[in-house]
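1. What follows is a predicted structure for the sequence shown.
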Amino acid sequence: MSMTIAMGISFLIAQLLCFVLFIFVLIKMFKNEGALKGILGFFCGIYTFVWGWMKHKELALTKVMAVWSILTVATFALVPMMGVSSALQIQSYVNNLTGEASIELANLNSTQRAQKITLPGKIKKRKATAKTIKEKSQNQVVNGNVDWSQEAMALWKNGKYQNPNKAINYWNHAIQNDPKSAKAHNNRGLAYYDLKLYQKAIQDFDQAIRIDPSYVSAFNNRGNSYYQLNEYRLALTDFNESLRLNPDHSKAHFNRGLVHYQLDKNDQACSDFQKACDLGDCDGIKWAMKNAICKQEMIGKKE
């Protein structure tokens, strides 16, 4: 639950309690001051609040009025806090739109061994996801205030670039502006990947890893490129490194399962597919069971 939602719920609870206390004091007013003042208090909550404090000793309302006062102050304090939290979340959302992302690409339709069955048509190339990065992008404000990272990311739709050549051009500008941006090299590599220029994609992923040796997505993406070139041993090395850096990387488990399958290591493939399923991605284990590569009992609860 986000901080903004939590504060919003707290605000509503405080308001509800204030209303209950208002009704309680209002009933006392009707009983002690008559209908005319009671009606006035109903339409003017401030009058009821002031009257409650004036009569708190006489009518034993001290604790009630103290709680009402504290809740009233709390609701006023929550309003600016909610505004600040919302502003921070909006900034995070804007950062995601401006290309500050680590795009992961996993491929399920890679070349299969001739003696093995091919993947069913319903399981297509895995969609990439863009993760929000906290640090502020350096790839911006070039050539008349153009943010080349944002221009490139605007082309990313449904797990691929709509115009990879244009994306490469935009990333070229971003890299020229900041040659040490690992994310820009990684994302340009994905544009080369979409054009099936896997060697060029690998060169960009290499550079991203040189800049940031802990860049999990770059290892995963380079592994996918090696996989497309049937360089399964190199792909396996990259997926292993991706999982060393992040053992809960479901796509890397899935991808490594495909490599093990290509290397005739079905038990290890099934183990990776199962782990990916445990982490929320069950496409691999379902496909493997359907094609009698893995046993039925292997699938986990997240089927």
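-> Arrived safely. Residues are numbered from 1 along each chain as shown.
2. which stretches of the stretch 51-200 of the chain form strands?
-> For the stretch 51-200 of the chain, the strands defined by DSSP state E, counting those that start in this stretch occupy 101-104, 129-132, 156-157, 160-161.
3. Do me a favour and average the pLDDT over the third one.
-> Meaning strand 156-157. Strand 156-157 carries an average pLDDT of 82.
4. now that strand, how far from the chain's geometric center?
-> 16 Å (Cα atoms, centre = their mean, to the nearest Å).
5. Against which helices or strands is it packed?
-> With contacts defined as 3 or more Cβ pairs under 8 Å, 6 or more residues apart in numbering; DSSP states H and E, strand 156-157 has no helix or strand neighbours. Heads up, the C-betas are built off the backbone N, CA and C, glycines and all.
6. Just give the strands next to that strand in its sheet, each with its orientation.
-> Strand pairing for strand 156-157, using DSSP bridges, gives strand 160-161 (antiparallel).
7. distance between the partner strand and the chain's centre?
-> Chain-centre distance of strand 160-161: 19 Å, with Cα atoms, centre = their mean.
8. How about residues contacting it?
-> Ala128, Ala152, Leu155, Ala167, Leu190, Ala191, Asp194 (Cβ atoms under 8 Å, 6 or more residues apart in numbering).
9. Go through those residues and name the one nearest Asn177.
-> Of all those, Ala152 has the smallest distance to Asn177: 12.1 Å, by Cβ to Cβ.
10. show me what contacts that closest one?
-> Ala152 neighbours (Cβ under 8 Å, 6+ apart): Gly99, Tyr161, Ala167, Tyr170, Trp171, Ala174, Asn187, Ala191.
11. any chance of those residues in a markdown table, with neighbour count and distance to Leu61 too?
-> Shown next, in a markdown table, are those (neighbours: other Cβ atoms under 10 Å; distance: Cβ to Cβ, whole Å):
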| residue | neighbour count | distance to Leu61 |
| --- | --- | --- |
| Gly99 | 28 | 59 |
| Tyr161 | 26 | 67 |
| Ala167 | 25 | 68 |
| Tyr170 | 28 | 67 |
| Trp171 | 30 | 68 |
| Ala174 | 28 | 65 |
| Asn187 | 31 | 64 |
| Ala191 | 26 | 70 |
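12. And the contacts of strand 160-161, which is closest to Asp238?
-> Distances from Asp238 to the contacts of strand 160-161, taken by Cβ to Cβ, are shortest for Leu190, at 14.8 Å.
13. Include distance to Lys200 and pLDDT when you put the contacts of Ala152 into JSON lines, please.
-> Below are those laid out as JSON lines (distance: Cβ to Cβ, whole Å; pLDDT from 0 to 100):
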{"residue": "Gly99", "distance to Lys200": "20", "pLDDT": "33"}
{"residue": "Tyr161", "distance to Lys200": "14", "pLDDT": "87"}
{"residue": "Ala167", "distance to Lys200": "13", "pLDDT": "90"}
{"residue": "Tyr170", "distance to Lys200": "16", "pLDDT": "90"}
{"residue": "Trp171", "distance to Lys200": "12", "pLDDT": "91"}
{"residue": "Ala174", "distance to Lys200": "16", "pLDDT": "90"}
{"residue": "Asn187", "distance to Lys200": "13", "pLDDT": "92"}
{"residue": "Ala191", "distance to Lys200": "9", "pLDDT": "92"}
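14. In those, find the pair that's most separated.
-> So, those by Cβ to Cβ: farthest apart are Tyr161 and Ala174, at 14.0 Å.
15. for the stretch 201-303 of the chain, what spans make up the helices?
-> 216-228, 232-245, 250-262, 266-278, 283-290 (DSSP state H, counting those that start in this stretch).
16. Could you tell me the least trusted of the ones you listed?
-> Among the helices of the stretch 201-303 of the chain, helix 283-290 scores lowest, at a mean of 88.
17. If you count contacts, what does the helix or strand encompassing Phe11 end up packed against?
-> If you go by DSSP states H and E, Phe11 is part of helix 3-33. Counting contacts by 3+ Cβ pairs under 8 Å, 6+ apart, helix 3-33 packs against helix 35-43, helix 45-54, helix 62-97.
18. buried sites along the second one?
-> For helix 45-54, burial by neighbour count (16 or more other Cβ atoms under 10 Å) applies to Thr48, Phe49, Trp51, Gly52.
19. so who does the closest residue to the first one other than its chain neighbours touch?
-> With sequence-adjacent residues excluded and distances taken as Cβ to Cβ, 6 or more residues apart in numbering, Thr48 is closest to Gly41, at 3.9 Å. With contact taken as Cβ under 8 Å, 6+ apart, Gly41 is in contact with Val25, Leu26, Met29, Tyr47, Thr48, Trp51.
20. From Ala288, how far out is the fifth one?
-> It stands for Thr48. 69 Å (Cβ to Cβ, to the nearest Å).
21. Quick one: the contacts of Gly41 as JSON lines, columns for pLDDT and distance to Phe205 too.
-> Shown next, in JSON lines, are the contacts of Gly41 (pLDDT from 0 to 100; distance: Cβ to Cβ, whole Å):
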{"residue": "Val25", "pLDDT": "87", "distance to Phe205": "68"}
{"residue": "Leu26", "pLDDT": "84", "distance to Phe205": "69"}
{"residue": "Met29", "pLDDT": "86", "distance to Phe205": "73"}
{"residue": "Tyr47", "pLDDT": "85", "distance to Phe205": "70"}
{"residue": "Thr48", "pLDDT": "87", "distance to Phe205": "68"}
{"residue": "Trp51", "pLDDT": "87", "distance to Phe205": "72"}
